[in-house]
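Visitor: The sequence and its predicted three-dimensional model are supplied below.
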Amino acid sequence: MSATNYESDPYAPEPRATLRQYLVSTEFLLTLGSLFFGGVLLVLLLFYVILPWMTNHNKTVDVPDVTSDPLKKRYVKVDEAFADLERAGLHPVVNDSQYYRDLPPLCVIRQEPIGLSIVKPGRTVYLVVNKRTPPAVKVPDVVDINLDQARSLLENWKLKVGRLTYTQGEYPNLVLKALYRGRELEKFEEVPEGSAIDLVVSRGHGPTRVELPNLLGLELQQAVSRLNLLGLRASVSYDEASRKPVGTVVNQSPRAGSQDSVFQNVVVYLTVAGSPDAAIEGPSTSGTADSSAAKTKKPANTRERND
């Protein structure tokens with residue numbers, strides 16, 4: 001039997017190429033080149049077409065300034081802010097609210113990003129708006145403490161002293177009752193922030209009634225002198241934002257005409273335009289001060305003048 005001649009047999013299988021022969025073959029080089037140029041084309045397409053389209057490359061907008069400015073008396077309501085931001089191609093969102101009693105309700109307090117910033121179209125702008133109603137706060141216990149302490153304590157809790165009513169009592173300037181809208185408050189009762197708390201204050205034993213003068217517009221020195229002559233005491237605070245002449249009295253409590261007369265040794269609270277350094281100081285005073293008032297802590301930026 002003769003051996004088969006593979007070279008002359010057309011149906012014989014071709015011998016397999018070795019790996020080294022395949023790596024240097026034209027077919028492998030063409031495949032490798034196609035993959036390389038395809039990868040380069042994909043990278044170029046990704047960075048110069050797809051990503052710029054997704055990130056709005058070279059497209060920016062200016063963020064409108066929708067924050068309220070009390071100094072310029074400019075108050076932007078939240079609906080106006082939404083309209084301005086949406087017209088600029090931005091997405092406004094209210095993410096917080098606070099309460100400022102000096103600002104109108106629902107006006108914009110802050111924004112992020114701030115006004116006039118440069119951002120991408122469609123950017124979310126977060127707004128903080130003023131609450132419609134004030135939050136409730138607990139009224140601190142001011143009964144059986146000095147009037148100066150009660151005033152300071154109420155201000156620390158974002159409340160204010162309303163009407164002062166003086167009545168007979170053992171110790172002068174001692175708070176006997178705290179009232180809200182004519183009703184005596186319970187201990188730690190909640191009221192709206194910024195509310196006025198009326199106080200019933202003891203005038204002490206044996207005082208003499210005197211008519212309370214109108215001190216508005218007087219210089220501090222003149223006002224203190226008039227009070228001293230009547231046996232009254234002055235507690236002075238300062239209003240640096242007042243536009244009245246520096247050193248003049250712009251407010252007093254109790255006010256003249258609020259009652260026919262007050263008792264001697266009662267503290268009259270004066271608000272003077274300007275700062276303590278710029279305001280005209282009253283004359284130096286001496287004499288006996290209320291012992292209970294002298295032991296109490298005075299509110300910041302307040303001076304009491306005694307005859």
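Guide: Nice, I can see it.
Visitor: in the stretch 1-150 of the chain, which ranges drop under the pLDDT threshold?
Guide: Counting by pLDDT under 70, the stretch 1-150 of the chain has low-confidence residues at 1-17, 51-58.
Visitor: again, only this time at 50
Guide: Low-confidence segments of the stretch 1-150 of the chain, defined by pLDDT under 50: 1-2, 6.
Visitor: what's the burial count for V76?
Guide: Taking other CB atoms under 10 Å as the neighbour definition, V76 ends up with a count of 22. For glycine as for every other residue, the C-beta is placed from the backbone atoms N, C-alpha and C.
Visitor: So which residues make contact with stretch 247-256?
Guide: Applying CB atoms under 8 Å, 6 or more residues apart in numbering, the external contacts of stretch 247-256 come out as 161, 164, 212-220, 223, 239, 242, 244, 262, 268-274, 278-280.
Visitor: of those residues, buried ones?
Guide: In terms of neighbour count (16 or more other CB atoms under 10 Å), the buried residues within the contacts of stretch 247-256 are 161, 164, 212-213, 215-216, 218-220, 223, 239, 244, 262, 268-274, 279.
Visitor: Please report how far D198 lies from R163.
Guide: Going from D198 to R163 by CB to CB, to the nearest Å gives 5 Å.
Visitor: one step back: mind checking which of the contacts of stretch 247-256 land in helices?
Guide: Counting by DSSP state H, the part of the contacts of stretch 247-256 found in helices is L220, A223.
Visitor: Need the residues that contact stretch 271-279.
Guide: Taking contacts as CB under 8 Å, 6+ apart, the residues outside stretch 271-279 that touch it are 220, 236-240, 242-252, 301, 303.
Visitor: Kindly write the ChimeraX command that selects the buried subset of those residues.
Guide: To isolate the buried members of the contacts of stretch 271-279 in ChimeraX, using 16+ other CB under 10 Å:
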select :220,236,237,238,239,244,246,247,248,249,250,251,252,303
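Visitor: Which neighbouring elements make contact with the longest helix out of those in the chain?
Guide: As far as residue count goes, and with DSSP H defining each element, the longest helix of the chain is helix 26-45. Where contact means 3 or more CB pairs under 8 Å, 6 or more residues apart in numbering; DSSP states H and E, helix 26-45 is not packed against any helix or strand.
Visitor: Need the contact partners of that helix.
Guide: Y22.
Visitor: hmm, back to that, out of the buried ones among the contacts of stretch 247-256, which are inside strands?
Guide: Among those, the subset assigned to strands under DSSP state E consists of V161, L164, D239, V262, V268, Y269, L270, T271, V272, A273.
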